[in-house]
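> Here is my input; please provide its structure:
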Amino acid sequence: MEPADEITRLISEWQSGDRAAEAVLFEKLYQKLHAIAAHLVRHERAGQTLGPTGLVHEAYMRFCGAQELKIASRGHFLALAARVMRRILVDRARARKANKRDGGAQVDLEDAQWFRSDADVDEVIAVDRALQQLQRDSPRQCRLVELRYFGGYTIEESASVLHISARHARREWDTARTRLREAIDGAPATD
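Predicted coordinates for the structure are as follows:
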């Protein structure tokens, strides 16, 4: 793991337009970004065309044009990366669902292999809706879920990023999981 001060410096230089700092930053954090992506796709069918590496690269492309973001630290950067990767997966699920509604004539093979069934697509969309609601109701709980579930962070690591105690993070995690479960169970199955 890289020293936090060096990563924070690289983030600052990248945001100031330093392309060399951008390359070094992504190189130094690539293994962690790959681990986050692997965590996100670990339940998907074998042989899918967009694996963790492809997901990291697609997220990188989205970050390249986003210098207006104000990223404060390594943890903040990784949380944003996890959010971007989740957004990519949700966008793909929505595109697949839209293609099916339009008769399916333009279904991309890559998208068709990404989810095992329509239920998977509906679940991804339901989880996204629940997270959007949680973001409106409790931004810190939403960020905790992103760190834990999408980023693969432990309670202790998440607590450190959020500047709260591990005990408080556990309570927030329990509450957030309950709220998400209730929102997902009550979410309609169609987009």
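
> Low-confidence ranges, the protein, go.
1-4, 43-49, 65-68, 97-124, 187-191 (pLDDT under 70).

> In it, mark out all the helices, start to finish.
Assigned by DSSP state H, the chain shows helices spanning 4-15, 19-41, 52-64, 74-101, 109-114, 118-137, 139-145, 155-162, 166-185.

> I'd like those helices as JSON lines, with mean neighbour count appended.
Heads up, the C-betas are built off the backbone N, CA and C, glycines and all. Below are the helices of the chain laid out as JSON lines (neighbours: other CB atoms under 10 Å):
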{"stretch": "helix 4-15", "mean neighbour count": "17"}
{"stretch": "helix 19-41", "mean neighbour count": "17"}
{"stretch": "helix 52-64", "mean neighbour count": "17"}
{"stretch": "helix 74-101", "mean neighbour count": "19"}
{"stretch": "helix 109-114", "mean neighbour count": "15"}
{"stretch": "helix 118-137", "mean neighbour count": "17"}
{"stretch": "helix 139-145", "mean neighbour count": "20"}
{"stretch": "helix 155-162", "mean neighbour count": "18"}
{"stretch": "helix 166-185", "mean neighbour count": "15"}
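
> which residues does the nearest residue to Tyr30 once chain neighbours are set aside contact?
In space, and not counting its chain neighbours, Tyr30 is closest to Val56: 7.1 Å by CB to CB, 6 or more residues apart in numbering. By CB atoms under 8 Å, 6 or more residues apart in numbering, the contact set of Val56 is 30, 33-34, 37, 85.

> how about the nearest residue to Leu180, chain neighbours excluded?
Residue nearest to Leu180 in three dimensions, not counting chain neighbours: Ala130, with 4.9 Å by CB to CB, 6+ apart.

> right, and that neighbour touches Arg177 too?
No. Assessed by CB atoms under 8 Å, Ala130 is found out of contact with Arg177, at 10.6 Å.

> mind listing what Ile36 touches?
By CB under 8 Å, 6+ apart, Ile36 lies in contact with 78, 81-82, 85, 150-152.

> any idea how far Trp6 lies from Arg74?
Careful, residue 6 is Glu; it's not Trp. Remark: distance between Glu6 and Arg74 (CB to CB, to the nearest Å) = 9 Å.

> can you pull the contacts of the residue nearest to Leu180?
Counting by CB under 8 Å, 6+ apart, Ala130 touches 179-180, 183-184, 187.

> What is the burial count for the residue nearest to Ser158 when sequence neighbours are not counted?
Residue nearest to Ser158 in three dimensions, not counting chain neighbours: Leu147, with 4.3 Å by CB to CB, 6+ apart. For Leu147, the neighbour count with other CB atoms under 10 Å is 27.

> Identify the residues contacting Leu147.
The contact partners of Leu147, taken as CB under 8 Å, 6+ apart, are 75, 79, 82, 153, 157-158, 161-162.

> measure it to Ala166 for me?
Distance from Leu147 to Ala166, counting by CB to CB: 13 Å.

> got it, and Ala20?
According to CB to CB, Ala20 stands 37 Å off from Ala166.
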